[in-house]
Structure formats: C-alpha cells, structure tokens
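Trainee: the amino acid sequence is not available; the structure is as follows:
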C-alpha cells in the first residue's frame, strides 16, 4: 500500500481508456501520453493496459508501506527515493518505508508511474481510467491510499526489461496528421497555411483539448454536430484550432479539419504552452 | 437515399456521411443501416457513433481498417423495407419553478410570451432523440417549437446544475451532470439521465421520442425520493 503525502497536480489513475461507450457520450479517457504509459508497464512486465499513475507538471510524494518494482516514463523529473536521485532508465526496486518524490517536470508535462502487478482501481465500464461522473473518484488527493497487486511471483527485474523499446522523439515539432472530413471544404489559403505555417500551443490545455495559436487568416466553420475522436482538430469560424485529447467529447459542431496519428497524440500531450509545432501531412493508405 | 460518402477518419475509423440535414426519415434510415452493418460485421467493428447524418465505425484494430473500408464500400445501400422506427415515447417530468428555471423569465421576455405559454409550448411537442453526445447522457433532441428558439447566453455559466432543462438556439436538452453551459435554463428534471450504476446506463435510445411533463415542486421532491429508494418507474408509452 502507498500513502499519498502530496498529491501533485491533477494526479489520476489511467489505463489505455474506455471502449464501447462513445454512443452514450462517454469519452475514451486513458493515458494522455499512451506511448509512455505502455512503456512504463512493459518495462516491468505488466500488460500494456494496466492502470498507471499519471501526473502533470508537479509530481506526487508517495510513501511505500510495502515493497514493489516500479518504472517511470513520460516527462523528465528528478526522481528521488529518500532524497537520493535514482536512475529511471531501468525499473527500480522500492523498499518498505521508502519515500518517492518527483518534484517539478524538467521536460514534457505528463509523468507516469507504473508498479509491477498494477494499481488496484475500480473498473467502471471496462476501464480504470478516472473520469468525473463515471469513476467514483476524479483525482488522487493528499491522504489517499493507493493499493497495488503485490501478488506477483517475485520482485525481480523481468528479463524482458532489457528488450529494445521504441523511443519516440518528443522534442520533434512535427505532428503527423491526416486530412479530416472537412479539410477539402476549407479555402485554399487556409489549407496552405495549415500545411506550411507554425502553430504555438496556447495556455488553454487540459485532458479534453489543446488549443493552438496560429495564423490569424485561417477560418473554419460550423457543421451539423457529427462524430469526433481523440486527435481530431476542430477549426472554429473565428479561427480557433482545438485538438481533442483523450477526454475529448464524442461529437462536435466545428469543422474537423485534421486528425492526429496515435503516436502524434502522445507527442503533442507532452508539449508545453509556447512550444511550436507544424503539421506533417501523410496520406491515408 | 443515396449511397453515403465513405472515408477513413482516424487510425481506426471509417466515417459514413449522408446529406447534411436534420431529418427524421434520413435518421431512421441511418439507424437501420448502422445496426444492420454492426450486426453483419461484428467481428470487424468495435463501436459506432451515429449522429444526425453520419455514422463513425471504429475497427477492432488498425490492421482491420482496410477490410472494414472495403466491406462498407461494397455493402448494398438500397432502400430498406423495414426501417428503424422506434415506437417508444418517454415522459420526462420537469419542474419549471423559477428556483430551477432561472432563465424562464428571460425566455418569456425574449419571445414575447408569458412564462405559462413558454412552459405550454415546451411541454406540448414530441421530441425525437437523435443521439447522445457532448457529455455522458446528453441527448440531442429535435422538435423544439420555433416560437421558443432563444439564443444561448453570451457568456456561459460556470456551473449548470445536473438535471437542468435548457434552450440553446433551436435546441432543447437536459444537462446530465453539473457542468459549464450556455443554454437558457427553464426548469429541472429529478430524473438521472445517465446512471453508471444501472445496467442499461441510459434507457433513452436514438430514434425514441420524449415528452416533457410539467410538475410542481412537491411532485419534484416526491419523485426525487422515489428515485433514491429505487421505487420510481420511468413513464413510457408505445405507439403504432
């Protein structure tokens, strides 16, 4: 069991999300940087969909009341155990009574902590991913206790932790996109600007959506409310670009101009306000 | 009906779009096709989202996307003998008391009607459920009388209460949970619109109809109590 001494910012439990309930208006949710969440689990031999702890910018302070094998991925933190910096490139075996701190993210935004056996969290509609109104809790608070399944064979480094894992280039400003359903209805000028201009991530970012600041000449339009999904970029009549993230709504009424690739959704999640991006178009096969 | 436009949308999605319009017949047709497709290609399809004029099918994995696109393209979109045509009408009790309907007076003033007339118009129409979207359990309804179309608030409220019934432009609907919102609030229902602990989550299906029934504050509280003790039964009727 783990005591949460400091909660960190918007700390939640996430797996890879909820499937099959979008027709009821239930968003997928799931780890914002799904790629890092998967890696964190793979490093310690958990199935990819095992719940992990997600935190943003400011990490939690945790006291372990039982030993466990952990791995940490995502944003870069100076991770300390009992005030000693630890190497997070490998899984770390934590002892009873150890205190784990993250401090403030140095690069990226979303940090992930996985524990061998996985955190215990109530499964609601097939997923442990926190989402207000669906799961009993919307976030982890100071004083909470986190339980994990410590009933694993032995707390050893699994042999597969040494396997070569694909590393994403999070510093790349290229975001891979395909054309969305309304792309061809945009003016030629707006289409050109989307392909060639830089965009800047605004301060308005959360699990639902990331707003981008771009060329003031681009213009979208309203549509009859239609299906959208994580990674859909909506363009409003006033030129606001909104990238729908994991908690994004299931339907929307603005032009769906672009669609991020699954990998680019993880890369974008780690960008900070003020960072520049540009869209790299790829064709659908 | 014409064959829909078929295009990949997202790594796992195939989007079918028909003519962009809100039309009960087109919607019945799309519902019937979508459920026929879902049944026939169950092994390929993970989930679907249907709205007014389109359906998004998600493949079970991105490796199945080309196969899904192929089967949807070669599917024969001919007129159906048996369309969807739901026969269920749900009655949703709404208390239009001004402690809930905080914008009722505004709506009345804006439409040159009395508050009573606004309530009367709101409760006399039958509304078609087109789909659920925006939030869990938020129903997109068609059929609001044009006499009570009122623009949204210029600045949305930060917190609209769960169960609030509002008007936003040509639409009316119920907020399934506390959330920010820009609609003009004219009343509140004691019914939960989405219940994660209930087996069917949300009994109101696309294609069904709903009626709003005006109740007073005493009835509102009685229904609330019945719901809490599990004694409340939703009112529904079947028509031919």
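Mentor: Sure thing, it's come through. Since the structure is predicted, the reported quantities are computational estimates derived from the model, not experimental observations.
Trainee: need the residues of chain A near chain B, please.
Mentor: Residues of chain A lying near chain B by Cβ under 8 Å from any Cβ of the partner chain: A:19-26, A:124-125, A:132-134, A:178, A:180-181, A:223-227, A:229, A:231-232, A:249-251, A:256, A:259, A:261-262, A:284-285. Backbone N, C-alpha and C define where each C-beta goes, glycine included.
Trainee: show me what contacts the residue sitting nearest the centre point of chain A?
Mentor: Ranked by distance to the mean C-alpha position of chain A (Cα atoms, centre = their mean), the top residue is residue A:32 at 1.3 Å. Neighbouring residues of residue A:32 by Cβ atoms under 8 Å, 6 or more residues apart in numbering or on different chains: A:14, A:54, A:56, A:110, A:207, A:245-246, A:266, A:269.
Trainee: state the helix or strand in which it lies.
Mentor: Counting by DSSP states H and E, there is no helix or strand that carries residue A:32.
Trainee: find the nearest non-adjacent residue to it, please.
Mentor: Spatial nearest neighbour of residue A:32, chain neighbours left out: residue A:269 (4.0 Å); criterion: Cβ to Cβ, 6 or more residues apart in numbering or on different chains.
Trainee: quick one: residues contacting the one you found.
Mentor: A:32-33, A:109-110, A:210, A:245-246.
Trainee: any idea how far it lies from chain B?
Mentor: Residue A:269 sits 16 Å away from chain B, going by Cβ to the nearest Cβ, to the nearest Å.
Trainee: okay, now the unreliable bits of chain A?
Mentor: Applying pLDDT under 70 to chain A picks out residues A:151-167, A:284-285.
Trainee: can you tell me how far the residue in it that chain B sits nearest to sits from residue A:127?
Mentor: Distances between chain A and chain B by Cβ to the nearest Cβ are smallest at residue A:251, namely 3.1 Å. Residue A:251 sits 20 Å away from residue A:127, going by Cβ to Cβ, to the nearest Å.
Trainee: thinking again about what came up before, show the contacting residues for the nearest residue to the residue of chain A closest to chain B once chain neighbours are set aside.
Mentor: The shortest distance from residue A:251 to any non-neighbouring residue, by Cβ to Cβ, 6+ apart, is to residue B:133 (3.1 Å). Residues near residue B:133 by Cβ under 8 Å, 6+ apart: A:25, A:225, A:249-251, B:49, B:51, B:140.
Trainee: in strands, which of those residues appear?
Mentor: A:225, A:251, B:49, B:140 (DSSP state E).
Trainee: need the contact list for the closest residue to the third one other than its chain neighbours.
Mentor: The shortest distance from residue B:49 to any non-neighbouring residue, by Cβ to Cβ, 6+ apart, is to residue A:227 (4.1 Å). Contact criterion Cβ under 8 Å, 6+ apart gives A:22, A:250-251, B:9, B:13, B:15, B:49-51, B:54-56 as the residues in contact with residue A:227.
Trainee: host element of residue A:278?
Mentor: strand A:276-281.
Trainee: give me the helices and strands touching that strand, please.
Mentor: Packing contacts for strand A:276-281, counted by 3 or more Cβ pairs under 8 Å, 6 or more residues apart in numbering or on different chains; DSSP states H and E, involve strand A:174-179, helix A:188-196, strand A:199-205.
Trainee: which of those sits closest to residue A:97?
Mentor: strand A:199-205 (36.9 Å; Cβ to Cβ).
Trainee: phi, psi of residue A:49?
Mentor: phi -90, psi 10 (degrees, to the nearest 10).
Trainee: quick one: contacts for it?
Mentor: For residue A:49, counting by Cβ under 8 Å, 6+ apart, the contacting residues are A:15-16, A:41.
Trainee: now residue A:190
Mentor: Residue A:190 neighbours (Cβ under 8 Å, 6+ apart): A:217-220, A:235.
Trainee: quick one: the closest residue to residue A:252 other than its chain neighbours from residue A:147, how far?
Mentor: Distances taken as Cβ to Cβ, 6+ apart place residue A:228 nearest to residue A:252, at 4.3 Å, with adjacent residues excluded. According to Cβ to Cβ, residue A:228 and residue A:147 sit 35 Å apart.
Trainee: okay, the two: which has more neighbours?
Mentor: More crowded of residue A:228 and residue A:147, by other Cβ atoms under 10 Å in any protein chain shown: residue A:228, with 29 against 11.
Trainee: touching, the more buried one and residue A:242? I think so.
Mentor: No: contact between residue A:228 and residue A:242 fails when scored by Cβ atoms under 8 Å: they sit 9.9 Å apart.
Trainee: name the residues contacting each of these two.
Mentor: With Cβ under 8 Å, 6+ apart as the test, residue A:228 and residue A:242 both reach residue A:234.
Trainee: what element comes up after the helix or strand where residue B:46 lies heading to the C-terminus?
Mentor: Taking DSSP H and E as the criterion, residue B:46 maps to strand B:45-50. Remark: after strand B:45-50, the chain's next helix or strand is strand B:54-59, criterion DSSP H and E.
Trainee: adjacent strands (with direction) for that following strand?
Mentor: The pairing partners recorded for strand B:54-59 under DSSP bridges are strand B:13-17 (antiparallel), strand B:45-50 (antiparallel).
Trainee: domain parsing for chain B?
Mentor: Domain segmentation of chain B under automatic domain parsing yields B:5-75, B:87-239.
Trainee: can you check chain A too?
Mentor: Using automatic domain parsing, chain A is parsed into the domains A:2-146, A:174-281.
Trainee: pLDDT-wise, which helix or strand of chain B ranks last?
Mentor: Lowest by mean pLDDT, DSSP states H and E among the helices and strands of chain B is strand B:179-181, with a mean of 85.
Trainee: flag every buried residue along that one.
Mentor: B:179, B:181 (16 or more other Cβ atoms under 10 Å in any protein chain shown).
Trainee: for the helix or strand that it is followed by, name the packing helices and strands.
Mentor: Moving toward the C-terminus from strand B:179-181, the next helix or strand (DSSP H and E) is strand B:184-188. Applying 3+ Cβ pairs under 8 Å, 6+ apart, we find strand B:184-188 packed against strand B:88-95, helix B:104-111, helix B:115-124, strand B:164-168.
Trainee: so which of those comes closest to residue A:170?
Mentor: Short answer: strand B:164-168, nearest of those by Cβ to Cβ, at 39.8 Å.
Trainee: contacting residues for the residue of chain A positioned farthest from its centre?
Mentor: Distance to the chain centre peaks in chain A at residue A:188, reaching 33.2 Å (criterion: Cα atoms, centre = their mean). For residue A:188, no contacting residues are found, by Cβ under 8 Å, 6+ apart.
Trainee: can you tell me how far it is from residue B:53?
Mentor: 26 Å.
Trainee: what do you get for residue A:229?
Mentor: 17 Å.
Trainee: so if I had to pick from those two, which one is more boxed in?
Mentor: residue A:229 (26 against 22).
Trainee: so that one touches residue B:10, yeah?
Mentor: Yes: when contacts are counted by Cβ under 8 Å, residue A:229 is listed as touching residue B:10 (5.1 Å).
Trainee: who touches both of the two?
Mentor: residue A:259.
Trainee: so which of the helices and strands packed on strand B:184-188 is nearest residue A:103?
Mentor: Of the helices and strands packed on strand B:184-188, nearest to residue A:103 by Cβ to Cβ is strand B:164-168, at 42.0 Å.
Trainee: contacting residues for the residue nearest to residue B:209 when sequence neighbours are not counted?
Mentor: Sequence neighbours aside, residue B:89 is the residue nearest to residue B:209 in space, at 4.4 Å (criterion: Cβ to Cβ, 6+ apart). By Cβ under 8 Å, 6+ apart, the contact set of residue B:89 is B:126, B:208-211, B:236-239.
Trainee: which of the residues you listed tops the neighbour count?
Mentor: residue B:209 (23 neighbours).
Trainee: relative to residue B:78, which of the helices and strands packed on strand A:276-281 is closest?
Mentor: strand A:174-179 (29.9 Å).
Trainee: now that closest one against strand A:199-205, angle please.
Mentor: 90 degrees (axes from the mean of the first three to the mean of the last three Cα atoms, to 10 degrees).
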